[in-house]
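In: Test case, fold it:
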Amino acid sequence: MGLTGIISALMVFLASRQSLFLSPETAAQIFKYYSPMAMLALGMTFVILTGGIDLSVGFVMMLLMFVMAGLIRDYPGITPGIAIACGFGTALLIGGITAVAVACARIPAFIVTLAVMVTAYGVTILISKNLSIGNLPETLLWLGKAEFRMFGADFPVMTLVVIGAYLLAALLLHRTQFGRYLYAIGSNREAARLSGVHVPRVEGGAYLLCALCVWVAALMQLGINRNADPKVALSDNLELNAIAIVVIGGTSLSGGRGGVSGTALGALLLALIFYGLPLIGINEPSYKKIIQGGIILLGAILDSLQRRFGRA
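Out: Okay, here's the model as predicted:
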């Protein structure tokens, strides 16, 4: 409720600075440019609920964009459908490697995902030669470009994808055995194991779900940019955005508490902040970095206080 109040106050403030802020056109613009960020945060939610973390989501998204775009560029016989399927397979491969290393080999998630992040960036530079790939077929860009008319504005199809993904994730977490096991592992891994939970399988599933969300985000970002750009992950710090959204949405960094409703509100809050900064005359990119760090720190402090008072 506190987060809802902050969002409401921010919307009123921004509306006072721009009279057309509270309009369908503004909502359409926010969904257009911040849907990939919301998908990355959704994937991060699954991982953080288990007590883990994934530092690689932004760079893996960038790599998937270049895998799909690079296949179209280098192999004329490759259709967009095959390229998209190859991107899906690559996402599952990376997610599977991360899952095995974290859940089965018990290597700390911070180390594994940091290694994946660096490797993904290196492979991306190798594929791209540090150049963007354009002139991509419309079919490959469809998810990020397609629109539908609603309330007098052109909303991106990504709006429906994001809403549907969050609803499915909520059902998965609160209405399935897998979801209950995710919370159990995050609350107490050893107790979950002694209760009969196959911990490596469930924990690994969280990283695979995260990889699936990254693949969807990559398709969205391709359509928004209309090209594959190697500077996307570097300039936007997408993994920091995802972590900031999840922690400010109330998901505990130690795992076991939180959910997608909080993540949805966190994504809306961060999108409103980033969208609203230019409206109040702040265009300096460094302010976005300060906000990212501040939100992560604030979320960590609130999480610590909540756990402390909870034990008391």
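In: V199 versus the closest residue to V102 other than its chain neighbours, what's the distance?
Out: In this structure, V102 finds its nearest non-sequential neighbour in A109, 4.8 Å apart by Cβ to Cβ, 6 or more residues apart in numbering. Any C-beta I mention is one placed from the backbone N, CA and C, and that applies to glycine too. Per Cβ to Cβ, to the nearest Å, A109 is found 14 Å from V199.
In: Those two: which is more packed in?
Out: A109 (22 against 18; other Cβ atoms under 10 Å).
In: residues contacting that one?
Out: 47, 52-54, 102 (Cβ atoms under 8 Å, 6 or more residues apart in numbering).
In: okay if I get these as TSV plus pLDDT, secondary structure and neighbour count?
Out: Shown next, in TSV, are the contacts of A109 (pLDDT from 0 to 100; DSSP: H, G, I helix; E, B strand; the rest coil; neighbours: other Cβ atoms under 10 Å):
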residue	pLDDT	secondary structure	neighbour count
V47	96	helix	30
G52	93	coil	25
I53	93	coil	23
D54	94	coil	31
V102	94	helix	26
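In: so the residue nearest to the spatial centre of the chain is in which element?
Out: Closest residue to the average C-alpha location of the chain: L40 at 0.9 Å, with Cα atoms, centre = their mean. Element membership for L40 (DSSP states H and E) is helix 24-49.
In: Flag the shaky bits of the stretch 151-300 of the chain, pLDDT-wise.
Out: Applying pLDDT under 70 to the stretch 151-300 of the chain picks out residues 233-236, 285.
In: again, only using 80
Out: Within the stretch 151-300 of the chain, the stretches with pLDDT under 80 are 151, 230-237, 277-296, 298-300.
In: circling back: what is in contact with A109 and V199 at once?
Out: Counting by Cβ under 8 Å, 6+ apart, nothing touches both A109 and V199.
In: Quick check: closest non-adjacent residue to Q292.
Out: Using Cβ to Cβ, 6+ apart, the nearest residue to Q292 is L240, at 4.7 Å.
In: so where does the one you found fall, helix or strand?
Out: Per DSSP H and E, L240 falls inside helix 238-248.
In: could you point out which element follows that helix?
Out: Next in sequence after helix 238-248, counting helices and strands by DSSP H and E, comes helix 260-276.
In: what comes into contact with that next one?
Out: Under Cβ under 8 Å, 6+ apart, the answer for helix 260-276 is 3-4, 6-7, 10-11, 13-14, 17, 21, 26, 29-30, 33-34, 37-38, 41-42, 45, 166, 169-170, 173, 241, 244-251, 288, 291, 295.
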